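Participant: Below is the sequence, then the predicted model.
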Amino acid sequence: TTLLKMSRIDSGTVIFKKEEVEAGKLIKKALEPINIPVELKKQTILIVGDKKEKIALDLKWTTEAFVNILKNAHEHTGEGGMIIVKITNNPLFLEFLIQDNGCGIKKEDLPHIFERFYKGKNSSSESIGIGLNMSKTIIEKEDGVISVESIEGKGTTFQIKFFKTNV
């Protein structure tokens, strides 16, 4: 189904329906699919910052983008690990930092992780290498940008910024 979603986005048949969404609501919805697996691994998820801050975006598609990133954080963070979502607001953009203390991304994989069908050395056997590419595509369609920093053995941080178009 991820491939089908990507082909719909690529073909331009997806219409992003922007609405005012609270940052905390977006994160809560994106965490729903991984709440039980996170519990089973005894991981902690901490959400800090401006949860009530609003931004105009398509909740369904943006949730999809965040699910992929949070799922990766969960899968690559060990038992008892921590995932932190920091929400920061300023006059130009709303920023989300998704940090984990997992295995990190190998230096040679880092420049390629947003490429379609790229599978890093630490990826699971079920991975087809499309989730992060789809997340990046959706975020960019929503007037946002995404970047990543990682230290192997220490963890990974995804930085997502949604620019305020009404500034």
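Facilitator: Thanks, I have it.
Participant: In the chain, what residue spans correspond to strands?
Facilitator: 19-22, 44-49, 54-57, 82-89, 93-100, 144-151, 155-163 (DSSP state E).
Participant: For residue 116, find the nearest of the ones you listed.
Facilitator: strand 144-151 (14.6 Å; CB to CB). Every C-beta, even on glycine, is put in place using the N, C-alpha and C of the backbone.
Participant: Now do stretch 87-104: distance from first to last residue.
Facilitator: Taking CA to CA, to the nearest Å, the first and last residues of stretch 87-104 lie 21 Å apart.
Participant: so how far is it off the chain centroid?
Facilitator: Taking the mean of its C-alpha atoms, stretch 87-104 sits 10 Å from the chain's own mean (CA atoms, centre = their mean, to the nearest Å).
Participant: and what of stretch 40-56?
Facilitator: Distance, centroid of stretch 40-56 to centroid of chain: 12 Å (CA atoms, centre = their mean).
Participant: One more: stretch 150-167?
Facilitator: Worked out by CA atoms, centre = their mean, stretch 150-167 lies 9 Å from the chain centre.
Participant: Tabulate the strands of the chain (CSV), appending distance to residue 111.
Facilitator: Below are these laid out as CSV (distance: least, CB to CB, whole Å):
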stretch, distance to residue 111
strand 19-22, 31
strand 44-49, 28
strand 54-57, 27
strand 82-89, 23
strand 93-100, 19
strand 144-151, 10
strand 155-163, 14
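Participant: Go through those strands and name the closest to residue 32.
Facilitator: strand 44-49 (11.8 Å).
Participant: which residues touch the closest residue to residue 157 other than its chain neighbours?
Facilitator: Spatial nearest neighbour of residue 157, excluding adjacent residues (CB to CB, 6 or more residues apart in numbering): residue 99 at 4.5 Å. Contacts here follow CB atoms under 8 Å, 6 or more residues apart in numbering; on that basis residue 99 touches 73, 83-86, 155-158.
Participant: Pipe those into a markdown table and attach distance to residue 29 per row.
Facilitator: Below are these laid out as a markdown table (distance: CB to CB, whole Å):
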| residue | distance to residue 29 |
| --- | --- |
| 73 | 16 |
| 83 | 16 |
| 84 | 18 |
| 85 | 12 |
| 86 | 18 |
| 155 | 24 |
| 156 | 22 |
| 157 | 21 |
| 158 | 17 |
